[in-house]
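In: Fold the stuff below for me.
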Amino acid sequence: MLSAQGTKLQLAVGWSAKPLILPRRDVQPICALPPAASPPPRLGLAPWTFSQEDLTGVVPGPRDLGSAWWLLVEACGDELGLASWCDLVLGGQDPLQLAAGWLWLQGPQFLFRLRPSGITPRTASELRQLRRQRRQQALQRHQQQLWHRALQARQPIVAEALTTDQRRDLELLRRWAGEDTATPLPVELRKALQAAHCHADSGGIRHLLVDLGQWQRHHLPSLSQTPWQLGFSPAQEAEAERLLALAGQDLPGDAERVDLSGQHVVTIDDEDTLDLDDGLALEPGAAGRPLLWVHVADPGRLVAPGSPLDLEARRRGTSLYLARGTLPMFPPQLSNGPFSLRAGQRCAAWSLWVDLDDDGAVAASGLCRSWVAPSYRLSYSDADDLIELAPPQERQLAELQALLQRRRAWRQARGALLLDQPEGRIREQDGAPELEISEPGPARQLVAEAMILAGAVVAEHGRRHGLALPYRSQPTAELPPAHVLEALPPGPVRHAAIKACLSRGHTGCAPAPHFSLGLPAYVQATSPIRRYGDLLVQRQLLALERGEEPLDAAAMLALLDELDGPARQAVQISREDQRHWQQVWFEAHRGQQWACCFLRWLRAQDRLALVHVEDLAMDLPALAPEGAEPATPLLLRVQQVDPLRDQLRLVAGA
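Out: Presented below is the predicted three-dimensional model:
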C-alpha cells in the first residue's frame with residue numbers, strides 16, 4: 001500500500017508495482033492498517049516491502065504442506081483464520097509469513113480452500129477429483145499445443161485423429177474458408193494462426209487448410225450444400241431406375257403421338273454433350289417450300305408433375321455448367337438416356353414445323369407430340385464441314401443453313417442485334433486449366449437460329465390461345481448513333497458499345513417484345529432436360545392440346561418466382577467457377593503477356609477498364625492507362641493472382 005486517504009487506498013499491485021486506487025471496503029487486509037485519520041507518510045517502507053524471493057522462501061516444501069493438510073483433516077476439517085493457519089503451517093504470523101501464506105493459498109494449490117470466513121482443508125475425495133481434473137486439463141493443454149504445432153507445421157493432418165475440441169476448431173476454420181465468418185475465432189486459435197503465418201481471413205485460412213489437406217484447392221464455397229453438390233438422394237435414384245424401366249413400355253398418351261421416325265433428323269451439339277435436347281429435319285412442303293422441323297425432347301412423358309424427380313428438378317431449376325462438367329437437373333441415367341434424342345433410337349418428342357416465306361417470316365406453323373428416331377449426331381465442327389462441303393448425299397445441313405440465314409436476316413431487318421464473336425472459357429482437364437474457344441461457325445449459328453425460331457413460334461402459339469407461359473422479354477434500348485457505331489471497329493469493340501446500352505431480360509407470364517432478338521414475343525422452349533421453365537412450357541402446351549385447364553397467370557407467376565432463386569444461384573455459382581478457373585489459368589501463365597484492346601471504362605476513377613484479348617477470346621477487367629479510348633491497343637500482363645484468395649489483378653499498359 002502506498003497511501004490511504006479517507007475511504008480510498010492507493011496500492012502498488014503485482015511485482016511491477018502498478019499503481020491502483022480502490023475503495024477501502026474492497027480491500028481485505030491481512031495485517032491491521034493504521035487509522036485512516038492519521039496515515040503515516042509512506043506505508044510502503046520496510047518492513048512492509050517484500051521481494052518475490054522473500055515470499056517464496058517462507059513457504060515450506062510439498063511434504064510439510066501435505067503433513068499440515070493431513071493434520072487439519074484429522075482435526076475434522078476445522079476452519080482456521082489466516083493468522084492461525086500461517087502459525088500452524090508457516091511457523092509464525094508476522095507480515096512476511098501472512099503475505100506468503102495468503103499468496104500461496106491464492107495460487108494453483110488445491111489442498112486448502114480459502115474463503116472470506118476462513119481456511120479449511122479439502123477432503124480426500126475432493127483432492128482426487130481435483131487431481132483428475134488437473135490431469136485432464138494438462139492433457140487438453142498438451143493436445144492443444146500439439147494441435148497448434150500442427151497448424152504451424154502446415155503439413156497434412158488426419159481429421160479423424162483430432163480431439164473433439166480440435167475438430168471444432170477445424171470446422172470453424174472450414175466455415176471461415178467458405179466465407180461464413182459469423183462465429184468469431186477464439187483468441188487461442190487466432191494466436192495459433194498468427195504463429196502459422198496465416199492471416200485470419202477467408203483467403204489465408206484456405207491456404208492453410210489446403211496445406212493441411214482439409215480443403216480442395218478448387219472447391220467453390222457457393223456450391224456447398226446446394227442441391228447440385230448434394231446430388232440425388234437414394235429415393236430419387238430409385239425413382240430414376242423405376243422410370244428407366246418404364247421408358248421402353250407403352251404409356252398413357254403414347255398412342256396420340258405422330259410417328260415421325262422416318263424423318264432424317266440430325267442432332268448437333270458439343271462433342272462432350274450427353275443430354276441431347278433438340279434435333280432438326282427438313283421435309284418438302286405443299287407450297288414448294290421446304291418445311292423446317294425442330295424436335296425437342298419430351299421428359300414429361302416419364303416425369304409427372306409433383307413427382308419426386310419433378311420436385312427435385314424444380315428445386316434446381318436448371319442444370320449447372322461448371323469447368324469440370326455438368327451437374328444435371330435430372331439424374332444422368334435419365335437425362336443422358338431415355339430423355340435424350342439419341343441416334344438410332346425411337347424417342348419421345350415435341351415436334352414443331354415451320355413454313356418460312358421468301359423473306360424469312362413465318363407463313364405457317366404447327367405443333368404436335370411425336371416419335372422421332374434421329375439418324376445421327378454431329379459435333380459442331382463436323383457439322384461445319386458438312387455445311388461447307390455440302391456433299392450430294394448430305395445436302396440437308398447446307399439447305400437448313402441457307403433457310404435459317406434467311407430467317408436471321410428477317411430478324412436483323414427488325415432490329416435484332418447480331419453480336420456473334422468467338423467466346424473463350426476455361427475448362428478443367430485432369431485437374432489442370434485448359435482454354436477452350438468456341439467459334440461462331442455456321443453450325444452454331446444454324447442451331448441458335450433454329451432454337452430462336454422455335455421459341456418465337458411457341459410464343460406466338462401461346463399468345464393466340466391466351467396461354468400463360470414464361471415469356472422472355474427485353475426493354476427497348478437506346479443505342480449509340482449509327483455514325484458512332486460505324487466509327488468503331490466491327491467485332492468486340494463495337495459489340496461492347498452496344499452491350500453497355502442493353503437492359504436485363506425479364507421473364508413474365510404475358511408476351512412482350514424482346515429487343516435484341518427482334519421478336520414481338522419469345523419463349524425458351526427447346527431445353528426441357530436442362531431448364532425447368534422449358535418443361536413448364538411443354539406441360540402448358542399439353543394441357544391445351546388435351547382440352548384440360550392449363551395453369552393460369554397467377555399460378556405461372558408463382559412458379560416463376562419459385563424458379564427465380566435457383567436460377568440466380570446457378571448463375572452466381574457458374575460465374576464464381578469460371579472466375580476461379582480463369583485465376584488458376586492466369587496463375588499458370590503469369591509470366592506471359594497478351595495483346596489486347598480497350599473496350600470501355602468500368603470505373604474510370606479507379607482506372608478499371610474492360611479489355612478484349614483476342615488470343616483468349618475473352619473480355620476481362622484490367623487496370624488501363626488514363627485517356628484510353630475504344631480500340632486503343634494495349635499489352636496485358638498479370639500483376640497479382642491468388643485463386644485461393646479469389647484475387648486476379650490484370651494490368652493493360654501501352
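In: Need the contact partners of stretch 470-484.
Out: 455, 459, 462, 485, 497-498, 501-517, 521-524, 533, 536-537, 556, 560 (CB atoms under 8 Å, 6 or more residues apart in numbering). Using the backbone N, CA and C atoms, a C-beta is placed for each residue, glycine as well.
In: mind listing which of those are in helices?
Out: Judged by DSSP state H, these include Gly455, Ala459, Gly462, Leu485, Ala497, Ile498, Gly533, Leu536, Val537, Met556, Leu560 as members of helices.
In: Just the buried ones from these?
Out: Gly455, Ala459, Gly462, Ala497, Ile498, Gly533, Leu536, Val537, Met556, Leu560 (16 or more other CB atoms under 10 Å).
In: what's the span of stretch 367-383 from first residue to last?
Out: 26 Å (CA to CA, to the nearest Å).
In: Give the buried residues for that stretch.
Out: Leu367, Arg369, Ser370, Trp371, Val372, Ala373, Pro374, Arg377, Leu378, Tyr380, Ala383.
In: For that stretch, give the mean pLDDT please.
Out: For stretch 367-383, the mean pLDDT works out to 95.
In: next one: that stretch to chain centre, how far?
Out: When distances are taken as CA atoms, centre = their mean, to the nearest Å, stretch 367-383 is centred 35 Å away from the chain's centroid.
In: One more: stretch 350-361?
Out: Centroid displacement of stretch 350-361 relative to its chain, using CA atoms, centre = their mean, is 42 Å.
In: Just the closest of the ones in helices among the contacts of stretch 470-484 to Gly101, please.
Out: Closest to Gly101 out of those is Leu560 (79.7 Å), distances taken as CB to CB.
In: Let's see the pLDDT reported for that closest one.
Out: Model confidence at Leu560, given as pLDDT, is 96.
In: And for Gly77?
Out: At Gly77, pLDDT is 66.
In: Same question for Leu127.
Out: 88.
In: which residue packs closest to it, ignoring adjacent ones?
Out: Nearest residue to Leu127 in three dimensions, chain neighbours excluded: Phe110, at 6.5 Å (CB to CB, 6 or more residues apart in numbering).
In: Adjacent strands (with direction) for the helix or strand Gly366 falls within?
Out: When elements are assigned from DSSP states H and E, Gly366 belongs to strand 362-372. Here strand 362-372 has these sheet partners by DSSP bridges: strand 258-259 (parallel), strand 347-356 (antiparallel).
In: now for these, which one comes closest to Ala12?
Out: Closest approach to Ala12 among the strands paired with strand 362-372 is made by strand 347-356 (90.9 Å; CB to CB).
In: mind listing what's buried in the lowest-mean-pLDDT helix or strand in the chain?
Out: Using mean pLDDT, DSSP states H and E, strand 3-5 stands out as the lowest-scoring helix or strand of the chain, at a mean of 75. Neighbour counts over strand 3-5 (16+ other CB under 10 Å) mark Ala4 as buried.
In: Name every strand pairing with it and say which way it goes.
Out: By DSSP bridges, strand 3-5 pairs with strand 8-13 (antiparallel).
In: Touching the next helix or strand after the partner strand from outside, list them.
Out: For strand 8-13, the succeeding helix or strand toward the C-terminus, using DSSP H and E, is strand 18-23. Contact with strand 18-23 is made by Leu2, Thr7, Lys8, Leu9, Gln10, Leu11, Ala12, Val13, as judged by CB under 8 Å, 6+ apart.
In: Tell me the buried residues within these.
Out: Leu9, Leu11.
In: what sits up against stretch 418-433?
Out: Against stretch 418-433 from outside (CB under 8 Å, 6+ apart): 218, 322-325, 408, 412, 434-440, 445, 491-492, 495, 498-499, 516, 578, 581-582, 584-585, 588, 616-618.
In: Kindly report the same for stretch 69-79.
Out: If you take CB under 8 Å, 6+ apart as the criterion, stretch 69-79 is touched by Leu80, Leu88, Leu111, Phe112, Ser117, Gly118, Ile119, Thr120, Pro121, Arg122, Thr123, Ala124.
In: Next, give me the two most distant ones among these.
Out: Ser117 and Ala124 (22.4 Å).
In: These two - which one has more neighbours?
Out: Ala124 (11 against 8; other CB atoms under 10 Å).
In: what residues are up against the more buried one?
Out: By CB under 8 Å, 6+ apart, Ala124 lies in contact with Val73.
In: repeat for Ala83
Out: Gln93, Leu98.
In: repeat for Arg141
Out: Arg141 touches nothing, counting by CB under 8 Å, 6+ apart.
In: How much space separates it from Leu170?
Out: Distance from Arg141 to Leu170, counting by CB to CB, to the nearest Å: 18 Å.
In: Dump the buried ones among the ones in helices among the contacts of stretch 470-484 into TSV; add distance to Glu53 as well.
Out: Listed next are those as TSV, based on distance: CB to CB, whole Å:
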residue	distance to Glu53
Gly455	91
Ala459	94
Gly462	95
Ala497	83
Ile498	85
Gly533	83
Leu536	86
Val537	90
Met556	87
Leu560	82
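In: Specify which member of these is nearest to Cys597.
Out: Of those, the one sitting nearest to Cys597 (CB to CB) turns out to be Ala497, at 12.6 Å.
In: Check the gap between the residue nearest the centre of the chain and Gln578 for me.
Out: In the chain, the centroid-proximal residue (CA atoms, centre = their mean) is Ser222; its distance is 1.1 Å. Going from Ser222 to Gln578 by CB to CB gives 12 Å.
In: Read off the pLDDT value for Leu634.
Out: 97.
In: Around it, count how many other residues there are.
Out: 22.
In: mind checking the SS state of it?
Out: Using DSSP: H, G, I helix; E, B strand; the rest coil, the structure places Leu634 in strand.
In: Tell me what it is bridged to.
Out: Beta-bridge pairing for Leu634 (DSSP bridges): Cys596.
In: just checking, it touches Ala628?
Out: Yes - counting by CB atoms under 8 Å, Leu634 does reach Ala628; the two are 7.1 Å apart.
In: Could you pull out the residues contacting both of those two?
Out: Taking CB under 8 Å, 6+ apart as the criterion, Leu634 and Ala628 both touch Phe598, Ala652.
In: Spatially, what comes nearest to Gln593 if we skip its sequence neighbours?
Out: Nearest to Gln593 is Arg637, by CB to CB, 6+ apart, at 4.8 Å.
In: Confirm the one you found sits in a helix?
Out: No - applying three-state DSSP, one finds Arg637 to be strand, outside a helix.
In: Give me the neighbour count for it.
Out: Taking other CB under 10 Å as the criterion, the count of residues near Arg637 is 16.
In: Quick check: which ranges of the stretch 501-650 of the chain have low pLDDT?
Out: For the stretch 501-650 of the chain, not a single residue meets the criterion pLDDT under 70.
In: Does Ile205 touch Arg190 like I think?
Out: No - look at Ile205 against Arg190 with CB under 8 Å: they stay out of range, at 11.1 Å.
In: neighbour-wise, which of these two wins?
Out: Neighbour count, other CB under 10 Å: between Ile205 and Arg190, Ile205 has more, with 24 against 13.
In: Any chance you could list what contacts the helix or strand harbouring the more buried one?
Out: Under the criterion of DSSP H and E, Ile205 resides in helix 202-211. The contact list for helix 202-211 (CB under 8 Å, 6+ apart) reads 151, 154-156, 173-174, 176-179, 181, 193, 196, 198-199, 215-217, 642, 644-647.
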